[in-house]
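K.L.:
Generate coordinates for the sequence data below:
(2 chains)
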Amino acid sequence: MSAENSLPITHWQRLWLYLLGGLVMLFLIAPSVIIVIMSFSGSTLLQFPPEQWSLRWYESYFGSVEWRDATIVSVKVAVMTAIVATPLGTAAAYAINAGTLRLTGAMNALLTASLIIPVILIGIGTFFLYARIGLNNTLTGLVIAHTVQALPLVVLTVLSGLRSYDMNQEMVARSLGAGRFAAFFQVTMPQLRFSIVSGALFAFITSFDEVVVSLFISGGETTTLTRRMFNALRDQIDPTIAAISTCLIVLSIVLLSAAQLFGRGR
Amino acid sequence: MSIGSASLSNIGRSDGVLNADALRADARRQALGLLALLSPGLFLVFAVIIVPIGWLFWLSLFDETGQLSLANYARFFEQASYIKTFATTFKVAFVVTGTCVLFGYPLAYMLAQLPRRAASVCLIFVILPFWTSVLVRTYAWLVILQRKGLINNWLIDLGLIGQPLPLANNFAGVVIGMTHIMLPFLVLPLYASMKTIDVDCLRAGMNLGASPAATFRQIFFPLSLPGLASGVVIVFVLCLGFFVTPALMGGGKVIMWAMRMEQATSLYSNWGAGAALGVVLLAVTLALLGLFQWLLGARATGVWSQR
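P.N.:
Just a heads-up that it's a prediction; the model follows:
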């Protein structure tokens, strides 16, 4: 056994545990694997493994104007959400980390509130608010709503980066004559860049995968990919969705690996 | 001489006051600066989450005729369909949470025992689904579980069953799909807390003659309970307000709380009823989280910072 947990128990005695854990891991990963394989099926029947292979569901995805438009809307909103949420979240995390403000805890709780408030309530509330200020079915509305959803993740990611950063370095820079902003941008931010980039990636994917709020506030020309998928799934099971799902899974893998790589660079 | 010393001490005092003033002003400037950093984020959250929810709460206090009344809340006790919705929701939440504990505890335990490198590879199996769209995973389960889905096809081909089993579009389908989505929310905090258990405690127990089973039961398991509790609370709370999977996999038969809210507002445009449902859901959610925090002195929401 490795040195870090050298209990006098052999791997053999743990076999049942590995077996059980392996089964649960299989349960977690199997759906994604099955969908990826089935997306290359040549028939409309959902067979596994498929009897013939083809790219017809990918052609049906990329060939459809509706799916393409929805994808473009989702990408636009996710990019803008990352652009808005990252600086806001980083600034907020910096202020929370300083911890000198009264009610810092309460402000932190408010910023991360969207993690625990039921999303359905946020969806209905946002729809209700937007109906009065004319933001339903607009890109701006989507970006604002998704920014609120993504903000807690940016705050938490950057906060965890700040915890392992020594704020005295910024003090040193300031005592040597750097202004507040120069000290942050030249000393602190370069060392936080990995957390900030991770936060931005999480913000992107949070927005891209968001379903419930988009269901209420998007529509018409600003229908997001997830909203269109949800509606398509309510009607019937179209294999095109397997191709779209595969693209979403690949996107998750790419973004997570990027976040992981940046995390390691810390 | 006396005049001179008096003026000197005066100067000293006024200097002290000036200094304190300057420091206070500086602290105030600093606080204002930090507040300015927080304010855009706080403003957005306040405008998009707090204001609409407050507004909905206000709406929920009026009946259809615009009279101030508790009719929207009284309905929950009077109409059987609401009672059934609440019962279904709690039943799903209990079953899903239980299944997550059953599946998640062994997995977290295994991850905590594995060497670091093996554990980080196995963690991918938890984190990748965690970051895969809920919609994609629900679709996958529909494909696997439906009438002509994978499992039924396989079982029929193997000759084990003659008729397809009803796995999707019912209670079982909702529970399977939701368990898959909730599992990482249990495993991640549980694993994190198990990693903080001092191996020396276990080693000491075994040195003193405890069997591996007794060491687990009497030392490891009690020490892992706070982590388990935070996973259980967060999963249960998320289940109560969950929408996507029951809406797609319930086949219209499993009506949960969140679906009722959507129907009330989208289908019937009954904002009062939908809002009242939302207010009670939020109250239950916050009460459970608050109770947990009070009992264990820890926040259940740490799961999001443990990827």
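
K.L.:
Would you map the strands across chain A?
P.N.:
Counting by DSSP state E, chain A has no strands to list.

K.L.:
Mind splitting it into its structural domains?
P.N.:
A:3-56, A:65-264 (automatic domain parsing).

K.L.:
Could you give the separation of the shortest one from the chain centroid?
P.N.:
In terms of Cα atoms, centre = their mean, to the nearest Å, the centre of domain A:3-56 is set 23 Å apart from its chain centre.

K.L.:
what are the phi and psi angles of the closest residue to chain A within the stretch 201-307 of chain B?
P.N.:
Using Cβ to the nearest Cβ, B:Gly241 is the residue of the stretch 201-307 of chain B that sits closest to chain A, at 2.9 Å. C-betas here are computed from N, CA, C, even on glycine. Reported as degrees, to the nearest 10, the phi and psi values for B:Gly241 are phi -100, psi 20.

K.L.:
before we move on, what about B:Trp131?
P.N.:
Torsion angles at B:Trp131 (phi, psi; degrees, to the nearest 10) stand at phi -100, psi 10.

K.L.:
hey, where'd the helices end up in the stretch 51-200 of chain A?
P.N.:
A:56-63, A:65-98, A:104-111, A:119-133, A:139-163, A:168-175, A:180-183, A:189-209 (DSSP state H, counting those that start in this stretch).

K.L.:
Mind telling me what element the spatially most central residue of chain B is part of?
P.N.:
Geometric centre of chain B, nearest residue: B:Ile234, 3.5 Å, by Cα atoms, centre = their mean. Per DSSP states H and E, B:Ile234 falls inside helix B:221-240.

K.L.:
Which helix or strand lies directly C-terminal to that helix?
P.N.:
Downstream of helix B:221-240, the next assigned helix or strand under DSSP H and E is helix B:244-249.

K.L.:
tell me what the next helix-or-strand element following that following helix is packed against?
P.N.:
Counting by DSSP H and E, the next helix or strand C-terminal to helix B:244-249 is helix B:257-262. Contacts defined by 3 or more Cβ pairs under 8 Å, 6 or more residues apart in numbering or on different chains; DSSP states H and E place helix B:257-262 against helix A:119-133, helix B:80-113, helix B:244-249, helix B:271-296.

K.L.:
I'd like to know which of these lies nearest to B:Gly227.
P.N.:
For the helices and strands packed on helix B:257-262, the distance to B:Gly227 is smallest for helix B:80-113, at 8.0 Å, taking Cβ to Cβ.

K.L.:
how far is the closest one from where the chain is centred?
P.N.:
Centroid separation between helix B:80-113 and its chain, computed with Cα atoms, centre = their mean, is 12 Å.

K.L.:
Would you indicate which residues of it are buried?
P.N.:
Residues B:82, B:85-86, B:88-90, B:92-93, B:95-97, B:99-101, B:103-113 are the ones in helix B:80-113 that count as buried (16 or more other Cβ atoms under 10 Å in any protein chain shown).

K.L.:
Could you report the neighbour count for residue 248?
P.N.:
You didn't say which chain, so I picked chain A. Residues within reach of A:Leu248, counting by other Cβ atoms under 10 Å in any protein chain shown, total 25.

K.L.:
Sorry, I should have been clearer: chain B.
P.N.:
The number of residues packed near B:Leu248 is 22, by other Cβ under 10 Å.

K.L.:
on that earlier part again, determine which stretch of the helices of the stretch 51-200 of chain A is the most buried.
P.N.:
Highest mean neighbour count among the helices of the stretch 51-200 of chain A (mean count of other Cβ atoms under 10 Å in any protein chain shown): helix A:139-163, with a mean of 24.

K.L.:
low-scoring stretches of chain B, by residue?
P.N.:
B:1-17, B:298-307 (pLDDT under 70).

K.L.:
pLDDT weak spots in chain A?
P.N.:
A:1-8, A:46, A:263-266.

K.L.:
and if we set it to 90?
P.N.:
Low-confidence segments of chain A (pLDDT under 90): A:1-16, A:38, A:41-54, A:56, A:97-116, A:160-161, A:163-194, A:219-221, A:233-239, A:256-266.

K.L.:
coming back round to it: can I get the helices and strands packed on helix B:257-262 in JSON lines including distance to A:Leu111?
P.N.:
Shown next, in JSON lines, are these (distance: least, Cβ to Cβ, whole Å):
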{"stretch": "helix A:119-133", "distance to A:Leu111": "14"}
{"stretch": "helix B:80-113", "distance to A:Leu111": "27"}
{"stretch": "helix B:244-249", "distance to A:Leu111": "25"}
{"stretch": "helix B:271-296", "distance to A:Leu111": "16"}
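
K.L.:
Let me know which of these is the nearest to B:Leu142.
P.N.:
Using Cβ to Cβ, the nearest of the helices and strands packed on helix B:257-262 to B:Leu142 is helix B:244-249, at 6.4 Å.

K.L.:
ok, and does the closest one reach over to chain A?
P.N.:
Yes. Using Cβ under 8 Å from any Cβ of the partner chain, helix B:244-249 reaches chain A at B:244, B:247-248.

K.L.:
which ones are touching A:Leu251?
P.N.:
A:205, A:208 (Cβ atoms under 8 Å, 6 or more residues apart in numbering or on different chains).

K.L.:
Thought B:Phe185 was touching the residue nearest to the centre of chain B, still the case?
P.N.:
Yes. Judged on Cβ atoms under 8 Å, B:Ile234 makes contact with B:Phe185 at a distance of 5.3 Å.
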